[in-house]
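J.: Okay, predicted coordinates and the sequence, questions at the end:
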Amino acid sequence: MAVGFALLVAGSGRLLANDAFADATVIDSSQTQFFSFVSETGTSEPGEPPHAGSPAQESRWFRWTAPASQPCTFRDIFNEGTVRLAVYTGANLATLIPVAQGNGGVAFPAVAGTTYHLVVDSPGSDVVNLTVYQPGGADERADAQVISGALPLRVEGNNVLATVAPDDEDWLPLYPPVATVWWSWTPTNSGAVRMDARRSVIDARLTLYEKSPGETFVRVSAGVDIAVLQVTAGTEYLLCVDGLEGTGRIDFLLQEIPSGVPPNDLIANARDLGTATVTCDGEWIHHATSEVGAPNEDLGLPEFGIPGDRTLWWKWTCPASGTYRISQHGSDRASSIIVYAGSPQSGNFAASSNFPEGTLLNATVGKLYWIQFKTFPPHAARVEINLHPATHEPGYFKHLLDRGYFDLIGPDRHPEADPDGDGFSNEIEVACGSDPHLAQPDDARLPRLLPHNGGWKLEWQRDETYLTGGPGLPILIRGTASANLAGPWTYPGETTGNTSNVRSIMLPGPARGFARVELDNPNWRINP
């Protein structure tokens with residue numbers, strides 16, 4: 001989990017702390033993210049080498065020892081065009097060996113145990129950043145990194161130092177390959193699998209290949225952030241990831257798509273959301289079908305190989321008259337949302353949308369509404385439905401990288417945000433659909449939802465040093481979970497993660513769930 005901090009240097013006319021090479025600011029080797037705000041320019045020293053092709057003028061120094069061999073970037077995020085950056089090894093100015101140099105940002109392969117000297121040479125204020133990346137993925141197809149394990153399988157890596165090969169496929173003309181990395185995977189079961197890379201920092205260009213007789217590879221699927229692959233047990237597949245407009249951290253999940261028609265495929269089997277004021281749900285739509293006599297559904301021409309629509313149904317009874325939002329944040333891709341007042345066959349159309357933010361519905365208390373989700377090419381493998389009062393949405397509905405969740409905080413807290421009536425000012429209460437990924441795994445302040453034992457768990461960080469008044473974040477002291485926002489809320493007990501300050505709890509089940517984390521300091525605000 002990445003942790004960052006900022007170093008402020010105020011103007012005072014004195015010699016700056018890291019103006020000289022010998023007085024470089026030391027970066028903690030345990031950090032994977034380091035930020036420093038440089039508010040004054042430095043000076044050059046006798047014997048200082050030129051940086052990025054120009055003589056040293058106004059340099060500031062940092063020193064960092066790599067704890068492991070992994071890719072890194074050193075960049076300025078304030079004045080990218082004018083700042084000169086350089087990375088060196090060596091014991092003193094006279095023996096410095098350049099590792100990487102450039103304007104605005106550089107990337108370099110760090111070697112475990114090596115001390116690096118990082119310099120920023122700029123005439124103004126700057127914010128510099130050192131990022132250390134999780135290794136993963138091979139630059140060349142022939143060296144593809146082998147991955148294995150039971151699904152769901154999470155894979156991490158990066159394409160920071162990757163290159164492009166002449167035979168990398170250019171199937172997306174506006175975004176040709178620029179930095180491809182490769183994994184090899186041989187599934188143990190046959191069926192449909194979703195590759196979900198939305199948690200990556202980059203917009204991931206995915207290309208999937210099947211190994212064929214003669215040691216050749218045939219492209220069988222492709223997509224941006226999401227790709228669906230029909231796999232055969234024992235067959236080798238190559239997974240290629242690139243960034244549409246840059247490089248960075250890669251984080252994807254291989255997840256089995258349940259076989260068979262989903263349970264709410266037909267109108268008669270519409271899933272009942274009850275009378276909840278705030279609710280989420282989700283379902284795999286990959287194997288959904290069209291229905292004879294259903295409105296707004298094309299049956300296709302199966303005899304000519306033309307498939308029909310893939311549609312799913314929900315129904316909801318309005319608990320109180322008002323304006324509600326029905327959105328699809330968290331879905332693989334945008335689908336059509338069509339809402340009917342009363343029986344769908346009656347054609348009493350109420351609202352519709354093709355966008356992730358969904359549609360507004362002016363609903364009447366006691367009235368039954370039917371909600372149709374219809375996916376279109378490139379088809380979604382899974383859809384998520386979120387429903388809440390539109391009048392409260394600025395206060396508690398959030399979405400990060402198209403992952404939707406309810407963050408029930410602030411002055412517009414919905415009354416049900418404290419359903420157990422304990423009066424505790426909970427800072428975060430998260431309502432999740434049945435496939436809940438939060439897209440900020442590197443922010444220690446945010447709880448994370450992760451697949452675990454066929455269900456989902458809520459994981460968060462607590463800082464033990466805060467107990468004694470030491471530095472760190474306020475402790476996230478307790479997590480509770482419920483199958484419904486109205487409760488009852490239970491405390492299933494915390495499990496220790498891979499470090500002493502990481503805790504987690506299981507959500508109630510594979511269906512929609514609600515999780516809450518309470519802070520010990522109700523005045524401390526989390527800003528995702």
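T.: Right, received. Where do you want to start?
J.: Quickly note the distance from L172 to L244.
T.: L172 sits 8 Å away from L244, taking C-beta to C-beta, to the nearest Å as the criterion. C-betas here are computed from N, CA, C, even on glycine.
J.: any shared contact partners between these two?
T.: Listed as contacting both L172 and L244 by C-beta atoms under 8 Å, 6 or more residues apart in numbering are R205, V224.
J.: Report the distance from stretch 328-336 to the chain centre.
T.: In this view, stretch 328-336 has its centroid 15 Å away from the chain centroid, taken as C-alpha atoms, centre = their mean, to the nearest Å.
J.: ditto for stretch 159-166
T.: With C-alpha atoms, centre = their mean, you get 23 Å for stretch 159-166.
J.: mind listing what's buried in that stretch?
T.: For stretch 159-166, a neighbour-count test (16 or more other C-beta atoms under 10 Å) marks N159, V160, L161, A162 as buried.
J.: Helix, strand, or coil at the third one?
T.: Put plainly, it is L161. At L161, secondary structure determined by DSSP: H, G, I helix; E, B strand; the rest coil is coil.
J.: For it, give me its contacts.
T.: By C-beta under 8 Å, 6+ apart, the contact set of L161 is P71, A107, F108, P109, D139.
J.: just those now: which is nearest P46?
T.: Checking the contacts of L161 against P46 by C-beta to C-beta gives F108 as the nearest, at 26.4 Å.
J.: Do I have it right that that closest one meets R75?
T.: No: with contacts defined as C-beta atoms under 8 Å, F108 does not count as touching R75, sitting 11.3 Å away.
J.: Quick check: neighbours shared by these two?
T.: In contact with both F108 and R75: no residue, using C-beta under 8 Å, 6+ apart.
J.: which regions of the chain lie under the pLDDT threshold?
T.: Applying pLDDT under 70 to the chain flags residues 1-16, 39, 79-81, 391-456, 460-479, 484-487, 496-501, 508-528.
J.: cutoff 50 now
T.: 1-15, 392, 394-445, 463-476, 519-528 (pLDDT under 50).
J.: what about the helices in it?
T.: Along the chain, the segments classed as helices by DSSP state H run 393-396.
J.: returning to that earlier point: got TSV for the buried residues of stretch 159-166, with distance to L458 too?
T.: Conversion of the buried residues of stretch 159-166 to TSV gives the following (distance: C-beta to C-beta, whole Å):
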residue	distance to L458
N159	30
V160	30
L161	34
A162	34
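J.: Name the nearest of the residues you listed relative to R271.
T.: Set against R271, the nearest of the buried residues of stretch 159-166 by C-beta to C-beta is N159 (39.5 Å).
J.: ok, that closest one touching A179?
T.: Yes: because the distance of 4.3 Å satisfies C-beta under 8 Å, N159 is recorded as touching A179.
J.: Find residues that contact each of those two.
T.: The contact lists of N159 and A179 share D242, G243, T247, where a contact means C-beta under 8 Å, 6+ apart.
J.: and those residues, which are buried?
T.: If we count by 16+ other C-beta under 10 Å, these have these buried: D242, G243, T247.
J.: Roughly how far does the first one sit from N159?
T.: What it means is D242. Taking C-beta to C-beta, one finds D242 at 7 Å from N159.
J.: Equivalent analysis for the second one, please.
T.: Remark: distance between G243 and N159 (C-beta to C-beta) = 6 Å.
J.: Mutual contacts of those two, please.
T.: A179, I202.
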